[in-house]
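sequence and computational prediction follow.
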Amino acid sequence: MIRHIVMFQLKRAEDAPKVKALLDSCKGLVPGMHEFDVGIKTEGLEATADVVLVSTFEDAAALAAYQPHPHHQGVVAQIREMAAGRQVIDYFV
């Protein structure tokens, strides 16, 4: 299994719910996607990002199918307009 984590710093923190909704729309896009959780930073708790995506894929092929998926790419284009920065890590679990 591969865990895929993406953290976004936004230009405007108030866009976090919109980014979350966009990411949530990607849940279940491809076979082999097992976990897909999107969170928004909580005031009063430590955070260096505004929005985080934690997802798990069965294997590299499932992750590779997700990345170029047309719906995912449309979401990426919209988030890119709102994001000031992005951090990603993929690793085997």
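Arrived safely.

contacts only, for residue 10.
Applying CB atoms under 8 Å, 6 or more residues apart in numbering to residue 10 gives the contacts 16, 19, 50, 51, 82, 83, 84. Where C-beta positions appear, they are placed from N, C-alpha and C, glycine not excepted.

likewise residue 8?
Contacts of residue 8 (CB under 8 Å, 6+ apart): 19, 49, 50, 51, 52, 79, 83, 85, 86.

mind putting these into CSV with distance to residue 93, neighbour count and secondary structure?
Formatted as CSV, the contacts of residue 8 follow (distance: CB to CB, whole Å; neighbours: other CB atoms under 10 Å; DSSP: H, G, I helix; E, B strand; the rest coil):
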residue, distance to residue 93, neighbour count, secondary structure
19, 25, 21, helix
49, 21, 17, coil
50, 25, 24, coil
51, 22, 27, strand
52, 17, 19, strand
79, 25, 19, helix
83, 26, 17, strand
85, 25, 12, strand
86, 21, 15, strand
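
next, format these as CSV and append pLDDT and distance to residue 28.
Below are the contacts of residue 8 laid out as CSV (pLDDT from 0 to 100; distance: CB to CB, whole Å):
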residue, pLDDT, distance to residue 28
19, 98, 18
49, 98, 24
50, 98, 24
51, 98, 19
52, 98, 19
79, 98, 18
83, 98, 23
85, 98, 27
86, 98, 22
